[in-house]
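Student: need coordinates for the below:
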Amino acid sequence: MDTKLTLSIDKEIIERAKEYARNKNTSLSNLIENYLVSVTKASSSRDNEITPLVKSLSGVLNLSEIDSKKSYSDYLNKKYG
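Tutor: Now for the predicted structure:
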C-alpha cells in the first residue's frame, strides 16, 4: 500500500533529481523509494558495503602500468634466489 510522504528538500536539488529521474525514465517517487529500499536492507548486506577508506583508495593504483607476472617473479627470485 502506497502512503503519501511530505519532504522538505532544497529546490535546486529537487530540480536536479527530477531531471535525473526523467533521464532514467522513472518517477521521482520511484527513485526515492528505490533509494530507501537500498539503504534499509538487512544488515547482512551491509557487511559487503565498501567502507569510506576503501572508496578513497579506489583508483590510486594504475594497474595497467604494473606487470604482475614480472613483479611476482622478482619477488620469488628475491625470496628464494
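Student: C-terminal to the helix or strand of the chain with the lowest mean pLDDT, what's the next element?
Tutor: The weakest-scoring helix or strand in the chain, judged by mean pLDDT, DSSP states H and E, is helix 43-46 (a mean of 55). As assigned by DSSP states H and E, the chain's next helix or strand after helix 43-46 is helix 52-57.
Student: in the helix or strand just after that next one, what counts as buried?
Tutor: Downstream of helix 52-57, the first helix or strand assigned by DSSP H and E is helix 68-80. Across helix 68-80, burial judged by 16 or more other C-beta atoms under 10 Å covers no residue at all. In short, each C-beta sits where N, CA and C put it, glycine included.
Student: ok now helix 68-80, how far from the chain's centre?
Tutor: Remark: helix 68-80 is offset 34 Å from the chain centroid, using C-alpha atoms, centre = their mean, to the nearest Å.
Student: which other helices and strands contact that helix?
Tutor: With contacts taken as 3 or more C-beta pairs under 8 Å, 6 or more residues apart in numbering; DSSP states H and E, helix 68-80 sits against no other helix or strand.
Student: can I get that helix as PDB, trimmed to CA atoms?
Tutor: Provided in PDB are the C-alpha atoms of helix 68-80 (Å, rounded to 0.1, in the frame of the first residue of the first chain):
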ATOM      1  CA  SER A  68      52.200  -8.500 -12.200                       C
ATOM      2  CA  LYS A  69      54.000 -11.600 -13.600                       C
ATOM      3  CA  LYS A  70      57.300  -9.800 -13.600                       C
ATOM      4  CA  SER A  71      56.600  -8.400 -10.100                       C
ATOM      5  CA  TYR A  72      55.800 -11.900  -8.800                       C
ATOM      6  CA  SER A  73      58.800 -13.400 -10.500                       C
ATOM      7  CA  ASP A  74      61.100 -10.700  -9.000                       C
ATOM      8  CA  TYR A  75      59.600 -11.400  -5.500                       C
ATOM      9  CA  LEU A  76      60.200 -15.100  -5.800                       C
ATOM     10  CA  ASN A  77      63.800 -14.600  -7.100                       C
ATOM     11  CA  LYS A  78      64.500 -12.300  -4.100                       C
ATOM     12  CA  LYS A  79      62.900 -14.700  -1.600                       C
ATOM     13  CA  TYR A  80      64.400 -17.900  -2.900                       C
END
